[in-house]
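*Asks:* The following block contains a protein sequence and its predicted model.
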Amino acid sequence: MRILALTLVAASTLGLAACEGTDLERGVIGAGVGAAAASATGGNVAGAAAVGGAAGVICDDVTPQLCR
């Protein structure tokens, strides 16, 4: 269940973070999405925020066609 929740957080972070321009903006959105998803599923909020923030920051490096 934990891996599924983190996968969903990462996927939703990449989708939402693609709308923003800078790494900082995408990171903040990713952290927010991660924290909200973890809170809704009863997971570790701090850990999910860290994963979501990292996914938002590296989004444009991994998938430039989605994040620009």
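*Replies:* Yep, that arrived.

*Asks:* What residues sit buried inside whichever strand or helix holds residue 53?
*Replies:* Element membership for residue 53, per DSSP states H and E: helix 45-62. Across helix 45-62, burial judged by 16 or more other CB atoms under 10 Å covers 48, 49, 51, 52, 53, 54, 55, 56, 57, 58, 59, 60. Placement of C-beta: from N, CA and C, glycine included.

*Asks:* and the fourth one, what pLDDT?
*Replies:* Right, the one you point to is residue 52. At residue 52, the model reports a pLDDT of 88.

*Asks:* Nearest residue to it in space, please, no chain neighbours.
*Replies:* Distances taken as CB to CB, 6 or more residues apart in numbering put residue 34 closest to residue 52, at 2.3 Å, once the chain neighbours are dropped.

*Asks:* how far away is the one you found from residue 61?
*Replies:* From residue 34 across to residue 61, the span is 18 Å (CB to CB, to the nearest Å).

*Asks:* Check residue 37 too.
*Replies:* Distance, residue 37 to residue 61, by CB to CB: 22 Å.

*Asks:* Of the buried residues of helix 45-62, just say which sits nearest to residue 24.
*Replies:* Nearest to residue 24 among the buried residues of helix 45-62, counting by CB to CB, is residue 57 at 8.0 Å.

*Asks:* For the nearest residue to residue 46 once chain neighbours are set aside, identify the helix or strand it belongs to.
*Replies:* Excluding the flanking residues, the one nearest residue 46 by CB to CB, 6+ apart is residue 35, at 7.9 Å. Using DSSP H and E, residue 35 falls within helix 23-41.

*Asks:* What residues of that helix count as buried?
*Replies:* Quick answer for helix 23-41 (16+ other CB under 10 Å): 23, 26-38, 41.

*Asks:* if I pick residue 28, what's in contact with it?
*Replies:* Residues in contact with residue 28 (CB atoms under 8 Å, 6 or more residues apart in numbering) are 53, 56.
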